[in-house]
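1. sequence-free structure coming up:
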């Protein structure tokens, strides 16, 4: 498990450095979405809960690559689950095309990070790793809209996985 985590971190750093070698543009943004968490609770093992998940993101992107650091928060009182996570993701833009002065950029990528999972009597922190896919639409030279699906597995014994569909707005600088 540790070996695969270290390999994923190394790949993110190596590939992410290519973003800065080109004409990269920095960005800051917010995201909100429907999150799904699978983890142990006080009353049930591997309970599947859902709630609104929201977060902040900062990163850099070029025409082909994007690296993003995201901090997300998930809280479902009805399912007794709470997750805070920080992830580093690397996305590859493919099939770039322009139509009506908007640029559509579909992407695939991978993520790695650290999450804290809480439920009644449970508090566990561990590494997470996974993949994402989606599309970025350049609305203006300074505004991007982002629609994505993200799935992450956890190395924890009590927190199994986290996934969600997210809508983000990024300000490019």
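-> In hand now; what should we look at? Not measured: the values here are computed from a predicted model.

2. next SSE after the worst-scoring helix or strand of the chain on mean pLDDT?
-> The helix or strand with the lowest mean pLDDT-type score in the chain, counting by mean pLDDT, DSSP states H and E, is helix 2-21 (a mean of 50). Later in the chain than helix 2-21, the nearest helix or strand by DSSP states H and E is strand 25-39.

3. buried stuff in the helix or strand that that next one is followed by?
-> Using DSSP H and E, the helix or strand that follows strand 25-39 towards the C-terminus is strand 47-61. Of the residues in strand 47-61, 47, 49, 50, 51, 53, 54, 55, 57, 59, 60, 61 count as buried by neighbour count, 16 or more other CB atoms under 10 Å. Quick note: C-beta positions are derived from backbone N, CA and C, even for glycine.

4. mind picking the two most distant members of those residues?
-> Maximum pairwise distance among those (CB to CB): 37.3 Å, between 47 and 60.

5. ok so, going back, distance to residue 143 and pLDDT for the buried residues of strand 47-61 - can I get that in CSV?
-> Formatted as CSV, the buried residues of strand 47-61 follow (distance: CB to CB, whole Å; pLDDT from 0 to 100):
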residue, distance to residue 143, pLDDT
47, 38, 92
49, 33, 92
50, 29, 95
51, 27, 95
53, 22, 96
54, 19, 96
55, 18, 97
57, 14, 97
59, 15, 96
60, 16, 96
61, 13, 93
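
6. wait, isn't residue 155 in contact with residue 125?
-> No - checked against CB atoms under 8 Å, the pair residue 155 and residue 125 is beyond contact range at 10.1 Å.

7. ok, back up a step: nearest to residue 76 among the buried residues of strand 47-61?
-> residue 51 (3.6 Å).

8. done for today, thanks.
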